[in-house]
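**Student:** sequence unknown, structure follows:
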Ligand SMILES: [Zn+2]
């Protein structure tokens, strides 16, 4: 590694004296995707991590392998639409456990990625199994009196089906009696149709689907309003465009990554709304704890008294979770979250095995109690200390820089920032209480990024001068100690971002900023941070993706979304400039639901309300809910709208067409690292 670093230094030096013309991307031994080699200070930073964490503790590896029944060495899952959505062999390059990580990967993240590589069907306890590594999350399987109970059927129908068939091959074919959705996030229910397709009509008729109260609404609406922005940002967070490799995606910390397959939904038959609720499901007693408002808006954990097993859902996991999820989401309440962990610890003290919706289980009462206590205190520490410093005037950037877990909480692996980080979680606590504004008037009304960038770069003497200096600092950073090197990269990211935003066509600036992002990505302990930086580098080199989100993959879920939410989502697509000065009323009648809604456009705002069939309107549209969903997701266009037998009109067709043409069609490909 030192040899490679030295060559890199020499070439950088040559480049530095040649000025920027050489284009930094050509000098650094880049891989096929353009990702540059780790610098000497990145190597130093990463090797120092080995001293900061107890790498000789092998418990996690033992636990992650314990009870292995079978493993599919060639685990690949194809999409029903063609192409692969899951390939564990792609991660085979992660073949050591941290101490031998390549210098382009933080060894602590590498270790977590190696643990998440351990996949297969496992016996957790007699009658309790897990299938891991078939998707971002786990599916758990409980043996019941006459069949199986499945917990959290993964993200995609394709991966869920593969996992289910693999489990059935090794555990035997028995009817599925119940499915539990522990919470409203798609990686825990989106694959349900992949299971249901294998069940007989009889099984389906008797099937219980058990979920926390509020599940249906939260699960079908979470991403409706802000979906396009969140999906675009999720491409960064999960490194969707990155190759798998030591200069690419290694995992998300929480698991390998979400399977971008076909998402589905099924309506629950049993809703659990109170902590302490006891259900016996096909002979298996279960005690539930409602933890809604912590990691998810609708979530439960449960305890199996006969197995002495506690399913923590995603209330706890073998990493620090996100109080703020960088793909974009409402912030979560750390205080409530920590309180629920303490409640679980007290409710289920006899638990002798913990299993969750992500990662591997933990055995032993004392170990579980200690694990829960440390997870509890991690979130509480971040909450309390952030608020303390905030009340003394610290800003989000200052908080993120200064807050560190105390030694007692910083000696384990399970609460480290592989997914959430202390840094961005501290900012989340600030945001929860204070919002975006630091109270410093300089931040009250600054110029937008490009305008501010142009003026900054101009005042600094122009792009060429800034780049010259930046390149010298970048070269110099390689020789610095780890902290100083990293801080220089952080500063250069901010500086070069100005140059790129002042002039996105400045290829040298883009190339150097990409090299800076590479180094920050290689040093990150958090999977999402690594993927954000490396995706930023990738898009600076290759541009934004050619294809954005395909809302059609959400069709199954949207069919269950409450209708009124669709109108909310239409309202946020109204192009105010096009709507200026217009007013109209449109009646939408759902012939299958026998419901009519009146949409009113005025003041460049769209309102909706439930109405009676005979309410007058400028135009009326009569159609089924599925047809309406197809129009909204773009599966049905204007032609279908005008000529389909499933749609009827009354009043002015022109008014209708005019109305639909005022709705934005976001393609989910907007720029992020360039203006
Ligand atoms: Zn999850």
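**Tutor:** Cool, got the structure. None of the values given here were measured: they were computed from a predicted structure.
**Student:** So what's the residue count around the residue in the stretch 51-200 of the chain that the ion sits nearest to?
**Tutor:** Here the residue of the stretch 51-200 of the chain nearest the ion is residue 187; by C-beta to the ion that distance is 4.3 Å. Backbone N, C-alpha and C define where each C-beta goes, glycine included. By the criterion of other C-beta atoms under 10 Å, residue 187 has 24 neighbours.
**Student:** tell me the contacts of it?
**Tutor:** 135-137, 152, 154-155, 258, 357 (C-beta atoms under 8 Å, 6 or more residues apart in numbering).
**Student:** cool, and residue 120?
**Tutor:** 68-72, 131-133.
**Student:** Show residues contacting stretch 193-211.
**Tutor:** Taking C-beta under 8 Å, 6+ apart as the rule, stretch 193-211 contacts 150, 153-154, 156-162, 164-165, 168, 175-181, 189, 262, 264-272, 279, 281, 298, 556.
**Student:** Give the buried subset of the residues you listed as a PyMOL selection command.
**Tutor:** Filtering the contacts of stretch 193-211 down to the buried ones (16 or more other C-beta atoms under 10 Å) takes a single PyMOL command:
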select buried, resi 150+153+154+156+157+158+159+160+161+162+164+168+176+177+178+179+180+181+189+262+264+265+266+268+272+279+281+298+556
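**Student:** How far off centre is stretch 526-538?
**Tutor:** Computed by C-alpha atoms, centre = their mean, to the nearest Å, the chain-centroid distance of stretch 526-538 equals 13 Å.
**Student:** tell me which residues in it are buried?
**Tutor:** 526-538.
**Student:** Just give me the neighbour total for the residue nearest to residue 590 when sequence neighbours are not counted.
**Tutor:** Among residues not flanking residue 590 along the chain, residue 625 sits closest, at 5.3 Å (C-beta to C-beta, 6 or more residues apart in numbering). By the criterion of other C-beta under 10 Å, residue 625 has 18 neighbours.
**Student:** contacting residues around residue 625?
**Tutor:** Counted by C-beta under 8 Å, 6+ apart, residue 625 has contacts 559, 563, 590, 592-593.
**Student:** Just give me the closest of the residues you listed to the ion.
**Tutor:** Nearest to the ion, judged by C-beta to the ion, of those is residue 559 at 22.8 Å.
**Student:** My read is that residue 305 contacts residue 287, right?
**Tutor:** Yes - between residue 305 and residue 287 there is a contact at 6.6 Å, judged by C-beta atoms under 8 Å.
**Student:** Neighbour count for the two, which is higher?
**Tutor:** Taking other C-beta under 10 Å, residue 305 and residue 287 do not tie; residue 287 has more neighbours (17 against 14).
**Student:** Report the strands that pair with the helix or strand the more buried one falls within, each with its relative direction.
**Tutor:** Following DSSP states H and E, one finds residue 287 within strand 284-290. Sheet pairing of strand 284-290 (DSSP bridges) gives strand 278-281 (antiparallel), strand 300-304 (antiparallel).
**Student:** Look at the residue nearest to residue 495 when sequence neighbours are not counted and tell me its secondary structure.
**Tutor:** Spatially, and ignoring its direct neighbours in sequence, residue 495 is nearest to residue 470 (5.9 Å; C-beta to C-beta, 6+ apart). Assigned by DSSP: H, G, I helix; E, B strand; the rest coil, the conformation of residue 470 is helix.
**Student:** Quick one, grab the pLDDT at residue 470.
**Tutor:** pLDDT, residue 470: 98.
**Student:** Residue 16 too?
**Tutor:** For residue 16, the predicted pLDDT is 33.
**Student:** swap in the one 5 residues further on?
**Tutor:** In this model, residue 21 is scored at 36, pLDDT.
**Student:** Over to residue 24?
**Tutor:** 43.
**Student:** now residue 54
**Tutor:** Looking at residue 54, its pLDDT reads 90.
**Student:** Okay, and residue 654 sits in which element?
**Tutor:** helix 653-661.
**Student:** Go ahead and name everything in contact with that helix.
**Tutor:** 578, 582, 584, 586, 599, 601, 618-619, 621, 631, 638, 641-642, 649.
**Student:** again, but for stretch 418-431
**Tutor:** 108-109, 112, 252-254, 317, 319-326, 331-332, 334, 382-383, 385-387, 390, 395-396, 399-401, 403-405, 417, 525-529.
**Student:** now swap in stretch 69-88 and tell me
**Tutor:** Contacts for stretch 69-88 (C-beta under 8 Å, 6+ apart): 89, 117, 119-123, 129, 133-135, 156-159, 162, 166, 169-171, 256, 259-262.
**Student:** And it, end to end?
**Tutor:** 18 Å (C-alpha to C-alpha, to the nearest Å).
**Student:** in it, what counts as buried?
**Tutor:** Here stretch 69-88 shows 72, 75, 77, 79, 85-86, 88 as buried, counting by 16+ other C-beta under 10 Å.
**Student:** ok, so of these, who is nearest residue 44?
**Tutor:** residue 88 (32.0 Å; C-beta to C-beta).
**Student:** out of the contacts of helix 653-661, which are buried?
**Tutor:** Counted by 16+ other C-beta under 10 Å, these give 584, 586, 599, 601, 618-619, 621, 631, 641 as buried.
**Student:** Just these: which are in strands?
**Tutor:** Of those, the ones assigned to strands by DSSP state E are 584, 586, 599, 601, 619, 621.
**Student:** List the contacts of residue 596.
**Tutor:** With contact set as C-beta under 8 Å, 6+ apart, residue 596 has these partners: 587-590, 610-613, 615.
**Student:** Residue 312 now?
**Tutor:** 301, 344, 354-357.
**Student:** cool, residue 105 as well?
**Tutor:** 46, 113, 246, 250, 522, 530.
**Student:** one more time with 10 Å
**Tutor:** 38, 46, 94, 98, 111, 113, 245-248, 250, 521-525, 530 (C-beta atoms under 10 Å, 6 or more residues apart in numbering).
**Student:** near the ion, from the residues you listed?
**Tutor:** The subset of the contacts of residue 105 within reach of the ion, by C-beta under 5 Å from the ion, is empty.
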